[in-house]
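S.K.: sharing a sequence plus its predicted fold:
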Amino acid sequence: MLRIAVQSKGRLYDETMELLSEAGIKLVAVKRTLLVPSRNFPVELLFLRDDDIPDSVASGTSHIGIVGLNEVLEKNKKVEVIRKLGFSKCRLSLAIPKQEKYDGLQWFAGKKIATSYPEILDNYLKKNGIEADIHVISGSVEIAPSIGLADAIFDIVSSGSTLVSNNLVEVETVLNSEAVLIGRADNLSAENQEILDELLFRIEAVKAAETQKYVLMNVPRDKVDEVVSILPGMRSPTILPLADEQWCSIHAVVNEKHFWEVIGRIKAAGAEGILVLDIEKMVL
Ligand code: ATP
Ligand code: MG
């Protein structure tokens, strides 16, 4: 049985549960328990505060965990990042009151910086040869400058609106973070390694599908070559005959990144009745 440490509630919770559900893992419905087994896959979930997840994996209490990269680096435990998961994206940045004139990192020399991430900040300042006073607070970091507790802050930023409403401006991005799957290579039995491999295989299939669309369209026979030349595909598009011999149906997988460009070009080339479907899983 593979034990996975996940956040019990908070910003990681919803997308973690969604990912596991899309990977086909159904949980036994147990309310208000810390440890919940799956009813169709040999894993159990241990629900923790995100701060405790790196240590749970490092100490071997859990085999793997899903947590923000920021927490992994801050806690600095003996764990490895197995896979980036692409959700809960945010950054850790230095921000200063907006009326200050910023002239580079030297601005921070001798200043007091409030943060909940002293380890990451300390490493960054040392690496850049800046000596500053790190003031650790566990929450509401962004109000520290306005109440005179600090000159600047080092905190999580996503949209930046919290900074704006506190009259702060982001001056240095120190870390780009996202949810990651962590583990410890030396802590898995052969059986658990197999379960982890199957889980990773399913996560790949879910992630690959997220950025792709399945597109179907009708194309006049004499335009097929032109449309096919525009379409990317896993191998090449599928071409099926229609009852009307002058027409074909073409099916293809299109990456979301090029989606609108591709649709515009195939329309111009003569495709009609274009249907676009979400792909649930993609096994490559
Ligand atoms: P816990 O009670 O489990 O300790 P917490 O309050 O420390 O939770 P959350 O606010 O739930 O933490 O954030 C969890 C993680 O989600 C953060 O460590 C970070 O990786 C990511 N995160 C935080 N804020 C944002 C945001 N605004 N947008 C996207 N991701 C974020
Ligand atoms: Mg926390």
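M.R.: Received, thanks. Ligands and ions are numbered 1, 2, ... in the order given.

S.K.: please report the distance of E226 from ligand 2.
M.R.: When distance is defined by CB to the ion, to the nearest Å, E226 is 55 Å away from ligand 2. (C-beta placed from N, C-alpha, C; glycine too.)

S.K.: apologies, that question was intended for V171.
M.R.: Relative to ligand 2, V171 is positioned 25 Å away (criterion: CB to the ion).

S.K.: please apply the same query to K98.
M.R.: For K98 relative to ligand 2 (CB to the ion), the value is 28 Å.

S.K.: what about the longest helix in the protein?
M.R.: With residue count as the measure and DSSP state H as the assignment, the chain has helix 190-210 as its longest helix.

S.K.: so what's the gap between the helix or strand that that helix is followed by and the chain middle?
M.R.: Towards the C-terminus, the helix or strand next in line after helix 190-210, according to DSSP states H and E, is strand 212-220. With CA atoms, centre = their mean, to the nearest Å as the basis, the distance from the averaged C-alpha position of strand 212-220 to the chain average is 29 Å.

S.K.: which is the next helix or strand following strand 212-220?
M.R.: Using DSSP H and E, the helix or strand that follows strand 212-220 in sequence is helix 224-230.

S.K.: which residues are contacting the following helix or strand past that next one?
M.R.: Next helix or strand after helix 224-230 toward the C-terminus (DSSP H and E): strand 238-241. Counting by CB atoms under 8 Å, 6 or more residues apart in numbering, strand 238-241 makes contact with V224, V228, C248, S249, I250, H251, A252, all of which sit outside it.

S.K.: could you tell me which of these count as buried?
M.R.: For these, burial is judged from neighbour counts taken by 16 or more other CB atoms under 10 Å, and it is met by V224, V228, C248, I250, H251, A252.

S.K.: for the residue in the stretch 101-250 of the chain positioned nearest to ligand 1, what are its contacts?
M.R.: Scanning the stretch 101-250 of the chain for proximity to ligand 1 using CB to the nearest ligand atom identifies S158 as nearest, at 3.4 Å. Residues near S158 by CB under 8 Å, 6+ apart: K89, C90, R91.

S.K.: what do you get if the cut-off is 6 Å, keeping everything else the same?
M.R.: C90 (CB atoms under 6 Å, 6 or more residues apart in numbering).

S.K.: before we move on, the earlier item: next one: the longest helix of the chain to chain centre, how far?
M.R.: 16 Å.

S.K.: picking that back up, let me know the closest of the buried ones among the contacts of strand 238-241 to E119.
M.R.: For the buried ones among the contacts of strand 238-241, the minimum distance to E119 (CB to CB) is 47.9 Å, reached by A252.

S.K.: how about that closest one: what's its closest non-neighbour residue?
M.R.: Computed as CB to CB, 6 or more residues apart in numbering, the closest residue to A252 that is not its neighbour in sequence is P237, at 3.9 Å.

S.K.: ditto for S249
M.R.: If the residues on either side of it in the chain are set aside, S249 comes closest to L240, at 4.5 Å by CB to CB, 6+ apart.

S.K.: relative to Y13, how far out is the residue of the stretch 101-250 of the chain closest to ligand 1?
M.R.: When distances are taken as CB to CB, to the nearest Å, S158 and Y13 turn out to be 16 Å apart.

S.K.: got the residues of the protein near ligand 1?
M.R.: By CB under 6 Å from any ligand atom, the residues of the chain that approach ligand 1 are 7, 10-12, 49-51, 68, 70-71, 88-90, 156, 158, 177.

S.K.: try 5 Å
M.R.: Contacts of the chain with ligand 1, taken as CB under 5 Å from any ligand atom, map to 7, 10-12, 49-51, 68, 70, 88, 90, 156, 158.
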